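Peer 1: kindly generate the corresponding structure for this input.
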Amino acid sequence: MCNACPSQAVYWIWLNELRGIPLRTKRTLLDLLGNPEKVFNASCGDIAEVLAGNGKDPVAGVADSNHPDGFAPLWSQRNLGQAESILRTHEEHHIETLCATDPHYYHIYAHDPKVPLVLYYRGKLAQPKIPLIGIIGSRSCSSYGRRVTREAVCEAVAQGKVIASGLSFGIDALAHETTLALGGTTYAFLPCGLHAAQPAAHAQLMERIIESGAVVTPYSYGKKALPFRFIGRNDLLAAWCDTLLVVEARIQSGSIRTARTAMAKGKRVFAVPNSLLEPNSHGTNHLLAEGAHVYLNDSLLATPVARDILGSHEGHGTAAQGQGQRILTILTEKPLGTGALVSLVGQDIPLVMESLAAMEVADQVEYRSDGRWHRVGGP
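Peer 2: Here you go, the predicted structure:
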């Protein structure tokens, strides 16, 4: 149910899902008539009169707009059936509706004419005033990219920020995992309905995010992750975040498109500099040339090995070494995701993440694009 407007939720969903009328016209109608219920109850003549009185062509951009009467059949067939079905399904699966008047969304909707009228989410949303930083990058990230990601997340969580990403393999998943390990709040933005994780391999990670943060999407339950919906997801992430950090990305990638969209929206975009010879840095180096801020973090130089990202654990050296050997033995048998590895090691997530961070920098293990940890040199 829509927290800010429960009685209006079905009308918001109806107008959001209505095909044949462009978003800009829907927003104009909302501005002029006040709410989506009034838009629904208005006659075709009322709509034409309101738009004409505001200097708008009532059929501009509408289906069959070459014919003045093209709007009438579209409007006469309107009904709440689809919206009611979506609302029922979402209530059955504990999916909340976030309409444009909700305090968590209004400040974004009011300043960005391209965001949807309605979003859907599972979990808990932080207070709107808390800054949100998006951290995104390559699915096939390097050990350098992983270390920078962990350090950036550590810094942001310490500042009380919400960490947002796209639940994908590589940098995205690592940003979510590290935030959870640190006890922070993270949001995952999806290119599909909330019936499944995207990718499916991150279903467990998605559920863990929901426990303390939220999974957000512009798409209703059951809608699949089609190519154009990845673009919609990325645009929403760019609109929602206050700051966006791109760690590693190829020049032709969704991360770079997201960054450019964020820059066009006036958001602060940071990019991590790297070697000109590294393909995964072509995109971030180009962003720097295009006006993105350079991301620098002196704490990366604090020690020649990975520093403890979860605080001081003095006196645990021997235990950590034993845990590291246990992890290596387990990964020799087969690669595992973080959750499965934690279960087998029998330790808390923060302690396992600490060991993995140090072992990764020491080139003993690596996190690959299949969403699993592998022993270096192993399968």
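Peer 1: where does the stretch 1-150 of the chain dip in pLDDT?
Peer 2: Counting by pLDDT under 70, the stretch 1-150 of the chain shows low-confidence ranges at 1-6, 53-70.
Peer 1: any idea how far residue 143 lies from residue 230?
Peer 2: Note on residue 143: its distance to residue 230, by C-beta to C-beta, to the nearest Å, is 26 Å. Quick note: C-beta positions are derived from backbone N, CA and C, even for glycine.
Peer 1: quick one: which of those two has more around it?
Peer 2: The neighbour comparison of residue 143 against residue 230 (other C-beta atoms under 10 Å) goes to residue 230, with 19 against 16.
Peer 1: surely that one and residue 255 touch.
Peer 2: No - counting by C-beta atoms under 8 Å, residue 230 stays clear of residue 255, with 11.2 Å between them.
Peer 1: so where do the strands sit in the stretch 151-300 of the chain?
Peer 2: With DSSP state E, counting those that start in this stretch applied, the stretch 151-300 of the chain shows strands at 162-165, 186-189, 214-217, 243-246, 268-271, 293-294, listed in chain order.
Peer 1: how far out from the middle of the chain is stretch 15-24?
Peer 2: 23 Å (C-alpha atoms, centre = their mean, to the nearest Å).
Peer 1: for that stretch, C-alpha coordinates in PDB please.
Peer 2: Extracted as PDB, the C-alpha positions of stretch 15-24 are listed here (Å, rounded to 0.1, in the frame of the first residue of the first chain):
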ATOM      1  CA  LEU A  15      -2.100   6.400 -14.300                       C
ATOM      2  CA  ASN A  16       1.400   5.100 -14.200                       C
ATOM      3  CA  GLU A  17       0.500   2.000 -16.200                       C
ATOM      4  CA  LEU A  18      -1.700   3.800 -18.700                       C
ATOM      5  CA  ARG A  19      -0.400   3.400 -22.200                       C
ATOM      6  CA  GLY A  20      -0.900   5.900 -25.000                       C
ATOM      7  CA  ILE A  21      -0.300   9.100 -23.000                       C
ATOM      8  CA  PRO A  22       3.200  10.300 -22.500                       C
ATOM      9  CA  LEU A  23       4.600  10.900 -19.100                       C
ATOM     10  CA  ARG A  24       4.800  14.700 -19.600                       C
END
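Peer 1: now it: buried residues?
Peer 2: Residues 15, 16, 18, 20, 21 are the ones in stretch 15-24 that count as buried (16 or more other C-beta atoms under 10 Å).
Peer 1: same question for stretch 112-125.
Peer 2: Buried residues in stretch 112-125 (16+ other C-beta under 10 Å): 115, 116, 117, 118, 119, 120, 121, 122, 123, 125.
Peer 1: do stretch 217-224 as well
Peer 2: Quick answer for stretch 217-224 (16+ other C-beta under 10 Å): 217, 218, 219, 220, 221, 223.
Peer 1: reformat those as TSV; add pLDDT.
Peer 2: What follows is those, written out as TSV (pLDDT from 0 to 100):
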residue	pLDDT
217	98
218	97
219	97
220	96
221	97
223	96
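Peer 1: how about these, which pair is most distant?
Peer 2: Farthest-apart pair in these is 218 and 221; separation 12.4 Å (C-beta to C-beta).
Peer 1: now do the shared contacts for those two.
Peer 2: Shared contacts of residue 218 and residue 221, defined by C-beta atoms under 8 Å, 6 or more residues apart in numbering, are found at residue 120.
Peer 1: any idea which of the strands of the stretch 151-300 of the chain is most buried?
Peer 2: Comparing the strands of the stretch 151-300 of the chain by mean neighbour count (mean count of other C-beta atoms under 10 Å), strand 186-189 ranks first with a mean of 28.
Peer 1: send over that strand as CSV, restricted to the C-alpha atoms.
Peer 2: In CSV, the C-alpha atoms belonging to strand 186-189 read as follows (Å, rounded to 0.1, in the frame of the first residue of the first chain):
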residue,chain,number,x,y,z
THR,A,186,21.9,-0.4,1.3
TYR,A,187,19.3,-0.1,-1.5
ALA,A,188,19.3,-2.3,-4.6
PHE,A,189,17.6,-1.0,-7.8
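Peer 1: give the buried residues for stretch 285-300.
Peer 2: By neighbour count with 16+ other C-beta under 10 Å, stretch 285-300 contains the buried residues 285, 286, 287, 288, 292, 295.
Peer 1: from the residues you listed, which is closest to residue 107?
Peer 2: Distances from residue 107 to the buried residues of stretch 285-300, taken as C-beta to C-beta, are shortest for residue 292 (23.6 Å).
Peer 1: now for residue 148, how many residues are close by?
Peer 2: Residue 148 has 23 nearby residues by other C-beta under 10 Å.
Peer 1: might you report the residue contacts of the closest residue to residue 75 other than its chain neighbours?
Peer 2: Using C-beta to C-beta, 6 or more residues apart in numbering and skipping the chain neighbours, the partner closest in space to residue 75 is residue 44 (4.4 Å). Contacts for residue 44 (C-beta under 8 Å, 6+ apart) come out as 71, 72, 75, 76.
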